[in-house]
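A.B. asks: Build me a model from this:
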Amino acid sequence: MGSIRYDGLTTHFDDRLLTHLQIIIVQKLMREESFLMSWKDSMSTGDGRTAIWLSPQTTITFKFVGSRVPEINKKWLLRLGESASSTTGLIVTGEDGELAAAEATGSKYPGNLRPGN
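C.D. replies: As a prediction, the model looks like this:
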């Protein structure tokens, strides 16, 4: 399972999903476009939703666990790209179109702002 690191937040996604997200995010940022990206939180982080604002000034790191680049699904890529260009922003979905759950950690994650964290 790979991850995206952004502004103190590390979010874990399956490498195959992360590869597709990387392509969409890089395309948007190369065109100097800002956009919202959101995903469903895993049960371990509260089962809610998280959204982040990405802009060309954003420092973002993609970390993959596997060394091989997975096969790209052009239909899935197109669906993610259309989502990223919509008013709702990039809603992270799996290849089947269902919401993809991710686990986010970091000092700026709301789940870590409870007393004692």
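
A.B. asks: packing partners for the strand or helix carrying Leu77?
C.D. replies: Secondary-structure element containing Leu77, defined by DSSP states H and E: helix 74-84. Packing partners of helix 74-84 (3 or more Cβ pairs under 8 Å, 6 or more residues apart in numbering; DSSP states H and E): helix 15-30, strand 90-91. Glycine gets a C-beta too; all of them are placed from N, C-alpha and C.

A.B. asks: List the buried residues of it.
C.D. replies: 76-77, 79-81, 83-84 (16 or more other Cβ atoms under 10 Å).

A.B. asks: between those residues, which is nearest Ser3?
C.D. replies: Of all those, Ser3 sits closest to Leu80, with 17.7 Å by Cβ to Cβ.

A.B. asks: which residues touch the closest one?
C.D. replies: Residues in contact with Leu80 (Cβ atoms under 8 Å, 6 or more residues apart in numbering) are 20-21, 24, 90, 92-93.

A.B. asks: can you pull the contacts of the residue lying closest to Ser55 once chain neighbours are set aside?
C.D. replies: Excluding the flanking residues, the one nearest Ser55 by Cβ to Cβ, 6 or more residues apart in numbering is Ser34, at 4.0 Å. Counting by Cβ under 8 Å, 6+ apart, Ser34 makes contact with 53-56.

A.B. asks: Around Ile72, how many other residues sit close by?
C.D. replies: Per other Cβ atoms under 10 Å, the neighbour tally for Ile72 reads 11.

A.B. asks: low-confidence ranges in this structure?
C.D. replies: 107-117 (pLDDT under 70).
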